[in-house]
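K.L.:
Sequence isn't available, so here's the structure alone:
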């Protein structure tokens, strides 16, 4: 039975779904606090350059593999290199990586579900509530984290079980426009606060004196997260794509949307932080602890905080759809079970596997793996080991294993781009991309 159960109904549907896969925790949660810790504008500029020079070619590579084979991730590598079965492990590693990522991503998604509900009810901004204590209570109370995990898992199961067009595409078609509308409203409100321009200057004015080697590595890693490349999620997504769609145009649109959301995230957060004299380098707690404090000090703060939390929930969900889809598609490829059945089974397995990470701030807080909590250890394995390796292996595969004519034909089919575009892409994938990825990976290992 074919794992490809349908196609995107339009180019726009594919672009929004791909952008949804990319725009999640990385763009809205991680980028602002990493930018704050790394000095602001210079870091953001480097992130954009890496996204264009490294992230975009990697995105195109996954598109070429997926649409060229019309197969989900594991089968795609088998089809291209049938006499070299070892390369199929790139797809298998992607499936495993997505599963492990879901075991802690779903936990954060559950926190955001809880926060969104509290935000809509006006219970986050309360004179009697300390944001830091509220955050600690949510992540430290077992039943609260498990309820959030259940809600986040059910939302994913519902959408993925409906299929490519009726589930993922429809959800993204209304979630992504709403996300941009809410972002624009928040940005307008943020930049009109007294003292907001200091935040705008911090975010956009490049001061390279604060850029270190670690900041460069963070910027490149952020470009991988920002485009959701490395786990072959977009190999599966692009396998549902029609041949008359331009891959360069689609990839360019996704990169533009991802950079735009990252830009809007900075403009929505840093003006607020500076207007209320808060700390831009607050770290991961920036969203859950710093921003509620800021919103509480502005007119209609409850409304804007609720809007921001809902926006964050939408982005987290659209990103998790791609993680679920690569696993469901892989299991459906050689099975008679239906999509809803596989999706439900996967949802149950992910929920069970995510319980240790969900409880790592409460009843399982004493369990440490290499001096890290279960949540942090899983995050480290996925983010710092599997993701760089996935990108490196895909880069080597597309540059040195896949037939050049296959890559060129698939890259340019349906596109008005010519030989020059292909030659530039080829040069980047042969030399620049794998070398930089390898340097990043080695440096990450040396830091720990």
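P.N.:
That came through, no problem. As the structure is a prediction and not an experimental result, all values here were calculated from the model.

K.L.:
pretty sure residue 426 contacts residue 405?
P.N.:
No. Between residue 426 and residue 405 there is no contact under C-beta atoms under 8 Å: 11.6 Å. The way it works is simple: take the backbone N, C-alpha and C, and place the C-beta from them, glycine included.

K.L.:
Looking at these two, which is more packed in?
P.N.:
residue 426 (18 against 8; other C-beta atoms under 10 Å).

K.L.:
Spit out the contact partners of the more buried one.
P.N.:
Each residue near residue 426 by C-beta atoms under 8 Å, 6 or more residues apart in numbering is listed here: 399, 404, 407.

K.L.:
any idea which helix or strand comes after the host helix or strand of the first one?
P.N.:
Translated: residue 399. Assessed by DSSP states H and E, residue 399 sits inside helix 387-400. Next in sequence after helix 387-400, counting helices and strands by DSSP H and E, comes helix 404-412.

K.L.:
just to revisit the earlier point, just send the contacts of residue 426 back as CSV, with distance to residue 196 and neighbour count too.
P.N.:
Below are the contacts of residue 426 laid out as CSV (distance: C-beta to C-beta, whole Å; neighbours: other C-beta atoms under 10 Å):
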residue, distance to residue 196, neighbour count
399, 45, 21
404, 51, 10
407, 47, 22
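
K.L.:
ok but residue 376 is inside a strand, no?
P.N.:
No. Assigned with DSSP: H, G, I helix; E, B strand; the rest coil, residue 376 falls outside any strand and is helix.

K.L.:
ok, it - contacts?
P.N.:
Taking C-beta under 8 Å, 6+ apart, one finds residue 360 in contact with residue 376.

K.L.:
how much space is there between it and residue 241?
P.N.:
Going from residue 376 to residue 241 by C-beta to C-beta, to the nearest Å gives 36 Å.

K.L.:
swap in residue 134?
P.N.:
In terms of C-beta to C-beta, residue 134 sits 43 Å off from residue 241.

K.L.:
Which residue of these two possesses the greater neighbour count?
P.N.:
Using other C-beta under 10 Å, the more surrounded residue of residue 134 and residue 241 is residue 241, with 21 against 18.

K.L.:
who touches the nearest residue in space to that one that is not next to it in sequence in this structure?
P.N.:
Distances taken as C-beta to C-beta, 6 or more residues apart in numbering place residue 67 nearest to residue 241, at 4.8 Å, with adjacent residues excluded. Counting by C-beta under 8 Å, 6+ apart, residue 67 touches 238-239, 241, 243, 245, 247, 410.

K.L.:
Now with 7 Å, please.
P.N.:
238-239, 241, 247, 410 (C-beta atoms under 7 Å, 6 or more residues apart in numbering).

K.L.:
Also residue 373?
P.N.:
360, 365.

K.L.:
remind me which residues of the stretch 201-350 of the chain are low pLDDT?
P.N.:
Low-confidence segments of the stretch 201-350 of the chain, defined by pLDDT under 70: 281-286, 290.

K.L.:
if we go to 90?
P.N.:
202, 204-234, 236-245, 250, 253-254, 256-326, 328-339 (pLDDT under 90).
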